[in-house]
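1. sequence first, predicted coordinates after that:
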Amino acid sequence: MRRTLLGTSDLEVSQFALGTMTFGSQTSEADAHRQIDMALDAGIDLVDTAEMYPVNPVRAETVGRTEEIIGRWIAASGRRGEIVLATKITGENGGTVRGGRGIHGDTMIEAVDSSLKRLQTDVIDVYQLHWPNRGSFHFRQHWDYVPGGGTKAEIEANIVEVLEAMTRLQREGKVRHFGLSNESTWGTAAWLRLAAEIGAPRMISIQNEYSMLCRQFDTDLAELAVREEVGLLAYSPLGTGLLTGKYRGGAVPPGSRMSINANLSGRANPRAHAAVEAYAAIAERHGLDLVHMSLAFCAARPFMGSVIFGATGVDQLEHILAGIGMTLSEEVRNEINAAHRDHPMPF
């Protein structure tokens, strides 16, 4: 499997990563542990989680459960050195974590210490800021921009405060590298500039949504990622299951995300279903599996650090792993881009 250096760091990661947000909700602990083993056996070593997981739904009583499940795998397997472990601080929330407080110097320190305990490790390889305090353009919030987070000076003061906490965490050996998530072009540039000005750790990655259905990253963020060497860790490369084809024709399989979240947080709508049909037609025309084509498309993008996929069950993971290593012809890539122009922002 192709491997990449993440950002400007010396941290090498696999082309694909195992997402864990259903560990402890839709995915049992036994299946979760088996999935990590299967991923490692396939050459995938990047495991991505977050303190707020599991999701679908997020509940105060389950916050941290996914990290605990991974921590028990680490303790039982003795394979901590074989994985690149990435997790996240929640950011502002509706009171689910730390009473809703966002990302500040003190919450960074508290969150890292709590994650280390749950994960049963002494160091986190990539620690990410789940979403900005000022809000984000993600989860269908890009349709109507509303400035948030205070003045520019207040935002930058918060960034400096967090960067100083990051410097301490890195110096203490608790975190190796840091990354962003659900960030904008301006926000990413601000983090890079201020880190350089005060000599703080540089963000090496940005975890944003990216798939054939969601290509916001392809504009200004793509150029920033390439020129400034901030690798994209793409989440939802299968469009929260839409690009598996399992919801075609109005189907809602029992136990699927749509059976729990009927509109997939705003993603499932007539425009998205029409786009899925266009991409499915391309796959069928070329004798390709839609899941494998979707992941191969993401993996080939010039700004990609790693593509994060999740699997509710072991059978889904087996299917995904069967297509790892696929490359798409120029003809297929051209057809995908043509379909994207016809269905540019389905959600």
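-> That came through fine. Numbering: from 1, shown residues only.
2. residues near the closest residue in space to Arg267 that isn't next to it in sequence, how many?
-> In this structure, Arg267 finds its nearest non-sequential neighbour in Phe347, 4.5 Å apart by CB to CB, 6 or more residues apart in numbering. Yep, even glycine has a C-beta here, placed from its N, CA and C like the rest. The tally of other residues near Phe347 (other CB atoms under 10 Å) stands at 21.
3. one more: Ala60?
-> If you count neighbours by other CB under 10 Å, Ala60 ends up with 11.
4. what sits closest to Phe303 if chain neighbours are left out?
-> Nearest residue to Phe303, sequence neighbours excluded (CB to CB, 6+ apart): Ala225, at 3.9 Å.
5. which strand or helix spans that neighbour?
-> Per DSSP states H and E, Ala225 falls inside helix 220-228.
6. and what of Met258?
-> Per DSSP H and E: Met258 is located in helix 257-260.
7. which residues sit against the helix or strand just after that helix?
-> Elements were assigned by DSSP H and E; along the chain past helix 257-260, the next helix or strand is helix 270-285. Residues outside helix 270-285 that contact it (CB atoms under 8 Å, 6 or more residues apart in numbering): 212-213, 239, 242-243, 245, 247-248, 288-290, 293-294, 332, 335-336, 339, 342-343, 346-347.
8. show the buried residues in those residues.
-> 212-213, 239, 242-243, 245, 247, 288-290, 293-294, 332, 335-336, 339, 343, 346-347 (16 or more other CB atoms under 10 Å).
9. residue farthest from the centroid of this structure?
-> Going by CA atoms, centre = their mean, the residue of the chain most distant from its centre is Arg285, 30.2 Å out.
10. separation between it and Ser256?
-> Separation of Arg285 from Ser256 (CB to CB, to the nearest Å): 26 Å.
11. so how far is Ile36 from Thr27?
-> Taking CB to CB, one finds Thr27 at 11 Å from Ile36.
12. what is the helix holding Ala225 packed up against?
-> On a contact count with 3 or more CB pairs under 8 Å, 6 or more residues apart in numbering; DSSP states H and E, helix 220-228 meets helix 185-198, strand 231-234.
13. angle of that helix against helix 185-198?
-> Between the axes of helix 220-228 and helix 185-198, defined by axes from the mean of the first three to the mean of the last three CA atoms, to 10 degrees, the angle is 30 degrees.
14. all strands of this protein, in order?
-> Assigned by DSSP state E, the strands in the chain fall at 3-5, 12-14, 16-19, 46-48, 84-89, 124-129, 175-181, 203-207, 231-234, 304-309.
15. centroid residue for this structure?
-> Most central in the chain under CA atoms, centre = their mean is Tyr235, positioned 3.6 Å from the mean C-alpha point.
16. can you tell me the closest non-neighbouring residue to it?
-> Nearest one to Tyr235, counting by CB to CB, 6+ apart, is Ile308 at 4.9 Å.
17. so for the helix holding Met258, what gets flagged as buried?
-> Neighbour counts using 16+ other CB under 10 Å place Arg257, Met258 of helix 257-260 among the buried residues.
18. now the protein, which segments are flagged as low pLDDT?
-> Across the chain, nothing is flagged by pLDDT under 70.
19. with mean neighbour count and distance to Val123 added, can I get the helices and strands packed on helix 220-228 in CSV?
-> Output for the helices and strands packed on helix 220-228, formatted as CSV (neighbours: other CB atoms under 10 Å; distance: least, CB to CB, whole Å):
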stretch, mean neighbour count, distance to Val123
helix 185-198, 16, 20
strand 231-234, 26, 19
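20. make a markdown table out of these and add distance to Val112.
-> Supplementary listing: those in a markdown table, determined by distance: least, CB to CB, whole Å:
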| stretch | distance to Val112 |
| --- | --- |
| helix 185-198 | 17 |
| strand 231-234 | 19 |
